[in-house]
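Asks: can you look at this prediction? I've put the sequence above it.
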Amino acid sequence: MTRIIAGKARGARLDVPHTGTRPTSDRVRESLFGALESMDAIAGARVLDLYAGSGALGLETLSRGAASADLVEKGREAAAVVRRNAAVLAKAGLPTARVHQSAVRAFLQHATGPYDLVFSDPPYDLDDDAMTADLVALAPLLSPDALVVVERARRSTPPDLVAAGLELIREKAYGDTTLWWAEPAQSTDGSQPDVESQSR
């Protein structure tokens, strides 16, 4: 069991799937969302929560004023939990999160975007090539000022942000967890670089 930390649904209880997910700790969530609010990255944002687990990250943004949230979770049990949690916030008068039971890559290949704030919290056993492919598929769906937050084990290889045309702006470790913050890289003329050329 976890709770919404702040905002209109503060204190709302969220279920957590029994198996197959790794919820972000309260300490990490509090630090993450404090930083996001200081950057004014949540209010009015179009949010995408990949490997959503319980949906706590995406739902927290709705409580704090995000305009919309798409939550993507492949596991059947976990997706059902996300839907129940989304319904809790909807009853509090917040926008209803769109829950997609889908593999991340499959979702990204058909999504339209654009997204302003993206969380990617893949299973620790996701291999580096799959992580990179996900980021490359995500890149065309980002708004020019988007913020992408990747969460992985501290011992994991850092995500290959350059392959997706992303630029690292912040990195912070919390025990066994590390967060990488990135934004679309800008070329010298102010435009976003071609993602395919970045990955060659």
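Replies: Arrived safely, thanks for sending.

Asks: what ranges do the strands span in this protein?
Replies: Under the criterion DSSP state E, the chain contains strands at 2-3, 13-14, 46-50, 68-73, 98-101, 115-120, 142-153, 166-174, 177-184.

Asks: centre-most residue in this protein?
Replies: The centroid of the chain falls nearest to Phe119 when counting by C-alpha atoms, centre = their mean (1.2 Å).

Asks: pLDDT wise, what is it at?
Replies: With respect to pLDDT, Phe119 has a value of 97.

Asks: any idea how far it is from Gln186?
Replies: Separation of Phe119 from Gln186 (C-beta to C-beta, to the nearest Å): 22 Å. C-beta here means a position set from N, CA and C on the backbone, and glycine is covered the same way.

Asks: so where's this protein shaky on pLDDT?
Replies: 19-23, 187-200 (pLDDT under 70).

Asks: please enumerate the helices of it.
Replies: 26-38, 56-63, 76-91, 104-110, 128-138, 195-199 (DSSP state H).

Asks: OK, contacts around the closest residue to Val47 other than its chain neighbours?
Replies: Computed as C-beta to C-beta, 6 or more residues apart in numbering, the closest residue to Val47 that is not its neighbour in sequence is Ala69, at 4.2 Å. The contact partners of Ala69, taken as C-beta atoms under 8 Å, 6 or more residues apart in numbering, are Val47, Leu48, Asp49, Gly58, Leu59, Thr61, Leu62, Pro95, Ala97, Arg98.

Asks: can you check Ala41 too?
Replies: Taking C-beta under 8 Å, 6+ apart as the test, what Ala41 contacts is Asp116, Leu117, Leu147.

Asks: if we can go back for a sec, closest one to Ser31 among the strands of the chain?
Replies: strand 166-174 (6.9 Å; C-beta to C-beta).

Asks: give the buried residues for that closest one.
Replies: Buried residues in strand 166-174, counting neighbours by 16 or more other C-beta atoms under 10 Å, are found at Leu166, Leu168.

Asks: now stretch 100-114
Replies: Under 16+ other C-beta under 10 Å, the buried positions of stretch 100-114 are His100, Gln101, Ser102, Val104, Phe107, Leu108, Ala111, Gly113.

Asks: of all pairs in these, which one spans the longest distance?
Replies: Pairwise distances across these peak at 19.3 Å for Gln101 and Gly113 (criterion: C-beta to C-beta).

Asks: state the distance from the residue nearest to Val47 to His100.
Replies: Distance, Ala69 to His100, by C-beta to C-beta: 11 Å.

Asks: could you do Ala9 as well?
Replies: For Ala9, the distance to His100 - C-beta to C-beta - is 21 Å.

Asks: now do Gly93
Replies: 23 Å.
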